[in-house]
Every structure is written in structure tokens, then in C-alpha cells.
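In: my questions concern the predicted model and sequence given below.
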Amino acid sequence: MIDAGLDRIAHLLDGEALLIAFALVGLIMWVSNFLSTRLTAGRVHGSAIAIVLGLALAFWGGAATGGHKGVADLPFLSGIGLMGGAMLRDFAIVATAFEVDVARAKRAGAIGSVALILGTVLPFFFGAALAWAFGYRDAVSISTIGAGAVTYIVGPITGAAIGAGSAVIALSIATGVVKAILVMVFTPIVAPLIRLDSPRAAMIFGGMMGTVSGVSAGLAATDRRLVPYGALTATFHTGLGCLLAPSILYFIVRAMLGA
């Protein structure tokens, strides 16, 4: 009787893999937001905690199954592979871009555009230099880790586009997560020093920092009224990074390495 019940549950889990994946991610987000509120008073955004938990689960899944897809190698969690795949990832990015109000973006003026470009190029080459310092010498790995320093979304997209290995892509995500956490924590500390007290300043700041979750959480801890403006340009920053990192910036790295 018990075995039959377990078999039915296993069959249900296998047949509703994508639904189980959404439920699991929802549970992780609930736990992450709870930890964010209770342990960090909201200074570390729930999304950053969720990403760390996701990476930990992926490591555990790979170690437990000996596979290469993390928890997606477990039959009842195979839906995670589809949910975390390129199709839904790119759909989420496009959906975020549709929320942008171009009229508001124009308020930052030319300096907002400059901030977007600098906020993309400078972190990329900082991350590339970091990759070089840790012994990476091929353009694909250096560019992927550099892209991760732009945001943890740009890193894996760049890595997938130029053929990076899964280990390097994981490093690029980790680089972006560290950046997001640093932005979250230090934004309210440095805000008075950089006069981060107006919508225009928030848009410039969002363009320079780039990480949507980091900027949103940091500005929420500084002044909640500034969050939409910072998130606006940070969203553009992610799209710009996805365009530049696997193309122009990658070719620059190749040229610098003589590849």
C-alpha cells in the first residue's frame, strides 16, 4: 500500500516536472525573502540569497547524481532544466525590457548614456583582469568572467554565445552575485558621499552599477522613491551588456591576446 502510494507520487512528480520546478523556485524565493528580512533587515536582497541557494543546490545535485545539470539530473526535478534554460531566461529579459518607459529614460540626458557605456565596459575589463590574475589565458573564459562582472545575467548569456564551459559560466554567475551583494550593502553607506538623492542621480547610478537586484535593493535602503529610476537604467545596462560582451568586447579581448 505504501509502495503503491509512493509510486503514484513519483509518477505525479515526473509528469508535472515544470510545475514542480515553479513550486520549488517559489519556495526558495519565499525562504530567501524571509532570510533577507529577518537576518539582514532587507540590506541583502532576497534575489541574491536565492541565487546563492540555487548555486548550492546545483552543487549538491551534481555531487549527488554525478551528472552535469545540477538538480535537473534528479528525475522529479527535471523541470528545472527547462525552467532555467535559454528560452525562459531570454523571455524574462525581454519581458523586463518591455517595462521600460523611454520617456523617463530621456530624463537622465547624455550623461545617463555615458554612465551606461562606462558601467558596461569598466566592469567587463575589471572582471577580465581578475580572470587573467587567476590564471585564465583564453579569450572565451576571460570574456565570460568579465561579462559576469557586468551582471550575473550577462555572464552566462555571453558564455553560452561564445562556447564557454559550464565551470567558467558558473564562475561568471558567482562574480555577478558578489557584485550584486556589494552594491546592495554599500549603496546606503556611500549615498550621502556621492549625493545619491535625486531621480537623475539614481538613473546615473543604475547605469554605472548595472545589477538590477543590487541597485533596487540598495536604493530601497537609501530612498524607496529612487528605486524605479535606478532600476530603469539598470535594465538597459543588462541589455547593453548582452549585446556588447559576446560581440565587440569579446573581439577586443581576442585582439589583445593575439588570438
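Out: Arrived safely.

In: what's the pLDDT at the residue nearest the centre of the chain?
Out: Closest to where the C-alpha atoms of the chain average out (CA atoms, centre = their mean) is Tyr152, at 3.1 Å. Confidence at Tyr152, expressed as pLDDT, is 85.

In: same question for the one 10 residues further on.
Out: According to the per-residue confidence, Ile162 scores 89 in pLDDT.

In: residue ranges with poor pLDDT in the stretch 151-259 of the chain?
Out: 259 (pLDDT under 70).

In: show me where it has strands.
Out: Per DSSP state E, counting those that start in this stretch, the stretch 151-259 of the chain carries no strands over any range.

In: one step back: contacts only, for the closest residue in space to the residue nearest to the centre of the chain that isn't next to it in sequence.
Out: Using CB to CB, 6 or more residues apart in numbering and skipping the chain neighbours, the partner closest in space to Tyr152 is Gly176 (2.6 Å). (Each C-beta comes from the backbone N, C-alpha and C, glycine too.) Contact analysis of Gly176 by CB atoms under 8 Å, 6 or more residues apart in numbering lists Gly148, Ala149, Val150, Thr151, Tyr152, Ile153, Val154, Gly155, Thr211.

In: next step: those restricted to helices.
Out: Gly148, Ala149, Val150, Val154, Gly155 (DSSP state H).

In: quick one: which of the contacts of Gly176 is nearest to Ala191?
Out: Here the nearest of the contacts of Gly176 to Ala191, counting by CB to CB, is Thr211; it sits at 16.2 Å.

In: the host helix or strand of Ala21 - contacts with which helices or strands?
Out: Assigned by DSSP states H and E, Ala21 falls within helix 17-40. Under the contact definition 3 or more CB pairs under 8 Å, 6 or more residues apart in numbering; DSSP states H and E, helix 17-40 sits against helix 46-65, helix 79-83.

In: quick one: pLDDT of Gly15?
Out: So Gly15 comes in at 63 (pLDDT).

In: ditto for Ala108
Out: Confidence score, pLDDT, at Ala108: 60.

In: noted, bye for now.
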